Structure formats: C-alpha cells, structure tokens
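*Asks:* How does the following fold in three dimensions:
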Amino acid sequence: MKLFLTVLTMIFIVSSCKNDTEKDVRNQEVYLEEENSETENKNRENQNIATSKQKDSSELKSQKQDSNSKNNSTATLAGNYIKAGLENDANCTCYCLDVQFNSTSQLCLTPDKMYINVRFEKVNEKLGNVYLIAPSDRNTEGDAIPWSKFSRNIPVATITSQNIGEIDFDWLGFTINGDIAKDYALFGKKTLEGNYIKK
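*Replies:* You can find the predicted model right below:
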C-alpha cells in the first residue's frame, strides 16, 4: 500500500509538473503573440508615418507646381498683344500693347497723332494697372492738354487676363486731384479699350 501511495504521489507530481510546463508554454505563447502584435503595430505606425510623409511631400510638390503655374500665368500677362478684330495693324501703328512690367511702354490715344508713355504694374496673377508717365515725344497733337496736372499715381487703365494669351484692356481715364478729367476722358477709350490677343 505504501508503494501504491508512492506511485500515486509520483504520478500526481509528474502530472502537476507537466501542467506547470504546459502553463509556462502557454504563457510564453501569449507573451510572444503580444510581442508580435506590438511589433506589427509599430510597423504599421512606421508605415503610416512614411505614407503621411510621402503625402506631405507630394502635397508640397503639388503646391509648388500650383505656385509655378500661377507665376507662369502672371508671366503670360507680359508680352505683345494686338487688338482683336484689328489684326491687320501688323505694323502696330496704334492697336497694339507692349505689356512690360519693368520698363516703359507706349500707348496710342489717337492714330498717328497722340501717344503716351506708361508703366504696367502687376496687382496679382490676373490683373495689372497702367499708370501714366508722360506724353510721348512722338505726339503731333495734344500740346494744349494739361499733361502735368494728370495723376501719375492713379491708374489710367487696367489689364485683366481672360484666357491664356488673351487680355482685356479697360480704359479708366486721366485723373486730376483724384477726379476723372472729364474733358479728356475719351482719349484712349475708343482706340485702346477692348480685347487683345497675344501676338
């Protein structure tokens, strides 16, 4: 009977050790699964960070391209234009615009008689202002006009980009002390105002 009890005790001890070993193995498996899960989560986070960095990088490139295209559309305001419908003025005696933002240009008020020197100034990528500088030396008329009284700081006209290679010229008129000089308001309106196409 002692022997029987000893054998039973041994079987019990062995089986309990076996259970502890299985528990240890199970605990190790759970630990490894948790560790793998954490590693996978970290990998996903790193991938998400890398993806967001790529998105940020591509968004920056897109913004730079948009900025460049805006600059290009601004640059398209500059150039030589001819009034739509008057393309037969190939020599540009009166119905042309030389839009330059860093130099003086000449505008025709009356064909072969009266011209003014102006400067163009960008307002934004689609809009520019035109300011009087002085009457042109080319004038054969207009000596009685009070050129010195006309404002040099208020635009005489605006140009607006309509489509690529096309602008609209809007004549505003000369101003004296902030008011339109009504006696001279029509100078330039008939010849200059209208739609222009890039040459």
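*Asks:* wait, residue 168 sits on residue 160?
*Replies:* Yes - contact criterion C-beta atoms under 8 Å: residue 168 and residue 160 qualify, at 4.7 Å. The C-beta positions use only the backbone N, C-alpha and C, and glycine is treated the same way.
*Asks:* Strands of this structure, residue ranges please.
*Replies:* 79-83, 96-99, 104-110, 114-124, 127-135, 157-163, 166-171, 175-176, 179-180, 194-198 (DSSP state E).
*Asks:* right, and these - which one's nearest residue 149?
*Replies:* Judged by C-beta to C-beta, the one of the strands of the chain that comes nearest to residue 149 is strand 175-176, at 5.0 Å.
*Asks:* Okay, now the sheet partners of the closest one, with direction.
*Replies:* Neighbouring strands of strand 175-176 in its sheet, by DSSP bridges, are strand 179-180 (antiparallel).
*Asks:* Which residues does the strand it pairs with contact?
*Replies:* Contacts to strand 179-180, defined as C-beta atoms under 8 Å, 6 or more residues apart in numbering, come from residues 172, 173, 174.
*Asks:* Name the member of those with the most neighbours.
*Replies:* With neighbours taken as other C-beta atoms under 10 Å, the top of the contacts of strand 179-180 is residue 174, carrying 23 neighbours.
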